[in-house]
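[1] test case, fold it:
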Amino acid sequence: MRVHFIAIGGSAMHNLAIALHKKGVEVSGSDDEIFEPSKSRLANYGLLPGQEGWDASRITHNLDAVILGMHAKADNPELLEAKRLGITIFSYPEYLYEQSKNKKRVVIGGSHGKTTITAMILHVLQVSGIDCDYMVGAQLEGFEVMVKLSETAPVMIIEGDEYLTSPIDLRPKFHLYHPDIALLSGIAWDHINVFPTFENYLDQFRIFINKITPGGTLIYCSEDKTLQNLCDCSREDISIQPYDLPQFTITHGQTSLLIKDQKIPLQIFGKHNLLNVNGARLICNQLGVDDATFYSAIQSFKGASKRLEVVAKNEHTIVFKDFAHAPSKVSATLTAVREQFPDRKVVACLELHTFSSLSKDFLDHYKGTLDNADLAMVYFSPHALQLKRLPTITNEQVSAGFGKNCLEVYTDSKKLLERLYQEDWKNTVLLMMSSGNYDGIDLKLMADQICG
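    Residues are numbered from 1 along each chain as shown. This is a model prediction of the structure:
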């Protein structure tokens, strides 16, 4: 087999390329820009393109398939050549389905928490010695790659993203997987550039539920009333299993589950993560893992990359980074930190980086999301607005959107860094929330200096 990746540098794409390489497939690829960690990881496997940019001559009759990433455009010269030659073209969700259509497919969806729930499931299955294929949206401790494809695993665990499939296939990715077992963690309107109304966004989840195979299972968070209404109206041939918040306690910064007469300590925290634990438990039950085995395994789960990940700490300061960007994620993450560390000052710094977050008409959705912070900062890059071809937003519009007194708004990453270095960090938690990188701020270096 020879497979060529157009836009190989993407997070999911480069992991799929590595997975196929490890499976023995001859892999080539191209991209017009490749960043870390994709660049080093591709180079480590000998898959890094010799030159950046697109070149139609890479596409020949010798290829068995082309896998097209979302980063490419519909007029990409390599894509056009593949069409001209009649080569089979897959998006990566289509290819994952092709690789898993004879396996039991478990798909984890929802506006938030899907990466963490998928990671929890994979961790428990690994500890329990249960073989599975998978695709997850973050690097996990103990897993070499984010995608695994094999001939032997009977199950595939897939994180089901609702964003678009490819430049030539505008279906949400999770519509392509046809799960036997599905989980939905919650619904909070996101991706307004693609789903212009909340009702349109809801429709994508209705379609996903209807894609569950006959006799399949739908597990969902019953604390989300919008989601509960959707699931209550699902097909009669689907088994429905709701989950809610388990009992827990927080003692000296340690969160523990209270299960019957047992106290089960966890390395993660936050009500949103405890909901995620319960959802993951029900999935694992479906795959033959009993509760006792699950609770034993989940105690060693440290979380997925960039999900309340500790960057640095000392006896009086902790610095976290988190992928939170949508309003519901920002609020849940900050609330978790506040509840976990009630006796510490909490400083929250959010970067507006996505299309939705940088849209002035969407800013009001952030109202109240930073209220749990003692000191709140918001950063956005005017250059990011230009790249996304969005109208300019002002510091005043951002402040009004969040509705928080004394909100500090920055558009220069150097000035943001200077401000952070000026703060007194004694008995303080710093929470850095972004799906970007604050225009190149080295969070590890910054955190080490703060905690040094």
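[2] I'd assumed G29 was in contact with W54.
    No. Judged on C-beta atoms under 8 Å, W54 makes no contact with G29 at a distance of 11.2 Å. (Each C-beta comes from the backbone N, C-alpha and C, glycine too.)
[3] neighbour-wise, which of those two wins?
    In this view W54 and G29 are compared by other C-beta atoms under 10 Å, and G29 has more residues nearby, 23 against 19.
[4] just checking, that one touches L16?
    No. Checked against C-beta under 8 Å, the pair G29 and L16 is beyond contact range at 10.2 Å.
[5] please enumerate the shared neighbours of the two.
    Residues touching both G29 and L16 (C-beta atoms under 8 Å, 6 or more residues apart in numbering) are F5.
[6] quick one on the thing from earlier: what sits in contact with each of W54 and G29?
    I6.
[7] report how many residues lie close to G288.
    G288: 11 surrounding residues under other C-beta under 10 Å.
[8] which stretches in the stretch 151-300 of the chain count as strands?
    155-159, 164-166, 169-172, 181-184, 217-221, 239-243, 248-251, 254-259, 262-265 (DSSP state E, counting those that start in this stretch).
[9] figure out which of the ones you listed is closest to A65.
    Among the strands of the stretch 151-300 of the chain, strand 164-166 comes nearest to A65, with 13.5 Å by C-beta to C-beta.
[10] V378 - that's part of a strand, no?
    Yes. Counting by DSSP: H, G, I helix; E, B strand; the rest coil, V378 is found in a strand.
[11] give me phi/psi at L68?
    Backbone torsions of L68, given as degrees, to the nearest 10, read phi -100, psi 120.
[12] partners of the top strand by length along the chain, with directions?
    Ranked by residue count under DSSP state E, the longest strand found in the chain is strand 345-352. In the sheet containing strand 345-352, its partner strands are strand 375-380 (parallel), strand 428-433 (parallel), by DSSP bridges.
[13] for stretch 121-137, which positions count as buried?
    Within stretch 121-137, the residues that count as buried by 16 or more other C-beta atoms under 10 Å are 121-128, 130, 132-137.
[14] surely V27 is within a strand?
    Yes. The assignment for V27 is a strand, going by three-state DSSP.
[15] I'd say N273 and T116 touch.
    Yes. The criterion here is C-beta under 8 Å, and N273 meets it with T116 at 6.5 Å.
[16] now do the shared contacts for those two.
    Counting by C-beta under 8 Å, 6+ apart, the common neighbours of N273 and T116 are G303.
[17] ok and the helix or strand hosting V337 relative to strand 345-352, angle-wise?
    Element membership for V337, per DSSP states H and E: helix 327-340. Put simply, helix 327-340 runs at 170 degrees to strand 345-352, going by axes from the mean of the first three to the mean of the last three C-alpha atoms, to 10 degrees.
[18] and helix 327-340, how far from the chain's centre?
    In terms of C-alpha atoms, centre = their mean, to the nearest Å, the centre of helix 327-340 is found 16 Å from the chain centre.
[19] same check on stretch 116-134?
    Relative to the mean C-alpha coordinate of its chain, stretch 116-134 is positioned 16 Å out (C-alpha atoms, centre = their mean).
[20] ok, now stretch 79-93?
    From the chain centre to the centre of stretch 79-93 is a distance of 27 Å (C-alpha atoms, centre = their mean).
[21] equivalent analysis for stretch 331-351, please.
    Put simply, stretch 331-351 sits 20 Å off its chain's centre (C-alpha atoms, centre = their mean).
[22] buried residues, it. List them.
    331-338, 340-341, 344-351.
[23] now the end-to-end length of that stretch.
    End-to-end distance of stretch 331-351 (C-alpha to C-alpha, to the nearest Å): 14 Å.
[24] give me the phi and psi for A312.
    phi -160, psi 160.
[25] what bridges to the residue lying closest to C349 once chain neighbours are set aside?
    Closest residue to C349 apart from its sequence neighbours, by C-beta to C-beta, 6 or more residues apart in numbering: M377 at 4.3 Å. On the basis of DSSP bridges, M377 takes part in beta bridges with C349, E408.
[26] how much space separates M377 from M1?
    Taking C-beta to C-beta, to the nearest Å as the measure, M377 falls 49 Å from M1.
[27] the more surrounded of the two?
    For M377 versus M1, the count of surrounding residues by other C-beta under 10 Å is larger for M377: 21 against 11.
[28] and the pLDDT for the more buried one?
    Note on M377: pLDDT of 98.
[29] identify the residues contacting it.
    Here M377 is in contact with 347-350, 407-410, 416, 419 (C-beta under 8 Å, 6+ apart).
[30] tell me the secondary structure at G401.
    helix.
[31] could you number the chain from 106 rather than 1 from now on?
    All right, first residue 106 from here; so that's G506.
[32] close enough to count as contact, it and D469?
    Yes. Applying C-beta under 8 Å, one finds G506 in contact with D469, separated by 5.3 Å.
[33] which one's more surrounded, the two?
    The neighbour comparison of G506 against D469 (other C-beta under 10 Å) goes to G506, with 23 against 13.
[34] domains of the chain?
    Domain assignment for the chain, taken from automatic domain parsing, gives 107-192, 200-403, 414-556.
[35] isn't there a helix covering A187?
    Yes. Counting by three-state DSSP, A187 is part of a helix.
[36] related to what we said a few turns ago, tell me which of the strands paired with strand 450-457 is the most buried.
    Highest mean neighbour count of those: strand 533-538, a mean of 24 (counted as mean count of other C-beta atoms under 10 Å).
[37] after that strand, which helix or strand is next?
    Counting by DSSP H and E, the next helix or strand C-terminal to strand 533-538 is helix 548-556.
[38] show me what counts as buried in that next one.
    Buried, per 16+ other C-beta under 10 Å, within helix 548-556: 548, 551-552, 555-556.
[39] and what of stretch 195-204?
    Residues 195-202, 204 are the ones in stretch 195-204 that count as buried (16+ other C-beta under 10 Å).
[40] find the nearest non-adjacent residue to T438, please.
    A429 (4.3 Å).
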